[in-house]
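show me how the following folds:
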Amino acid sequence: MQQSRAWSSLARGIARRLAGGAPSAPISPLQSAAISTGSACLLARQDGGFVHGGFMDSIRIGGVVIPNHKRVEYALQSIHGIGRARARQILSELNLENKVTKDLSKEEIITLREGIAKYMIETDLRRFKSAAVERLEGIRCYRGIRHADALPVRGQRTKTNGRTRKEKRAWVANKSFAASPE
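Down below sits the predicted model:
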């Protein structure tokens, strides 16, 4: 608990420094690469991780900081586009051991990055999916019309179910209704 408080105060000092406020203590160039999310302070550098006190605080792969307290197979699933099967496939292709992420060596991190670089993940995958939906909407096929109307696309019933899609449509309608000048 003491260590997490220390990291939280470090994150607040860095946030003040980045915001232009006076820091409570001098900050080294290595600490300036810190990223604060919530109460946890995630430290990441361009080369893969920031080692402080002998352990790795976090690893950035594919633009995502993966959790360091989970095994690699489960930590990779925090990357958009990598699920359970794909994570297992990556580990078997690279002949990597499924150990806790913070115990990975620098060479293993580099090979893991190179292995993941072969797949479409994160921003590229999101862009590809949105382009596919826009194409369907543009040619006005049945699936495109259902996407545009925010209704279930794959043949589900809507009389009693489909609330998640219908609520989005109702919210958009209310938003546009509130925005109309009358």
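
what is the burial count for residue 130?
Applying other C-beta atoms under 10 Å, we find 10 residues neighbouring residue 130. Glycine gets a C-beta too; all of them are placed from N, C-alpha and C.

show me where the chain has helices.
Secondary structure of the chain by DSSP state H: the helices cover 2-19, 72-75, 84-94, 106-116, 122-138, 142-148, 163-179.

quick check: angle from the fifth one to helix 106-116?
Read that as helix 122-138. 10 degrees (axes from the mean of the first three to the mean of the last three C-alpha atoms, to 10 degrees).

can I get the CA coordinates of helix 122-138 in CSV?
The C-alpha coordinates for helix 122-138 follow below in CSV (Å, rounded to 0.1, in the frame of the first residue of the first chain):
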residue,chain,number,x,y,z
GLU,A,122,-6.1,-1.4,-32.7
THR,A,123,-6.5,1.7,-34.9
ASP,A,124,-6.0,-0.1,-38.2
LEU,A,125,-8.7,-2.7,-37.3
ARG,A,126,-11.1,-0.1,-36.1
ARG,A,127,-10.6,1.9,-39.3
PHE,A,128,-11.1,-1.3,-41.5
LYS,A,129,-14.3,-2.2,-39.7
SER,A,130,-15.8,1.3,-39.9
ALA,A,131,-14.9,1.4,-43.6
ALA,A,132,-16.7,-1.9,-44.2
VAL,A,133,-19.8,-0.6,-42.4
GLU,A,134,-19.7,2.7,-44.4
ARG,A,135,-19.4,0.6,-47.6
LEU,A,136,-22.5,-1.4,-46.7
GLU,A,137,-24.4,1.8,-45.8
GLY,A,138,-23.3,3.4,-49.1
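
quick check: which helices or strands does it pack against?
Secondary-structure packing of helix 122-138 (3 or more C-beta pairs under 8 Å, 6 or more residues apart in numbering; DSSP states H and E): helix 142-148.

dump the helix it packs on to PDB, restricted to CA.
Provided in PDB are the C-alpha atoms of helix 142-148 (Å, rounded to 0.1, in the frame of the first residue of the first chain):
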ATOM      1  CA  TYR A 142     -30.100  -4.700 -46.200                       C
ATOM      2  CA  ARG A 143     -27.200  -4.900 -43.700                       C
ATOM      3  CA  GLY A 144     -26.200  -1.300 -44.400                       C
ATOM      4  CA  ILE A 145     -29.700  -0.100 -43.900                       C
ATOM      5  CA  ARG A 146     -29.900  -1.900 -40.500                       C
ATOM      6  CA  HIS A 147     -26.500  -0.400 -39.500                       C
ATOM      7  CA  ALA A 148     -27.700   3.100 -40.500                       C
END
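
cool, thanks, talk later.
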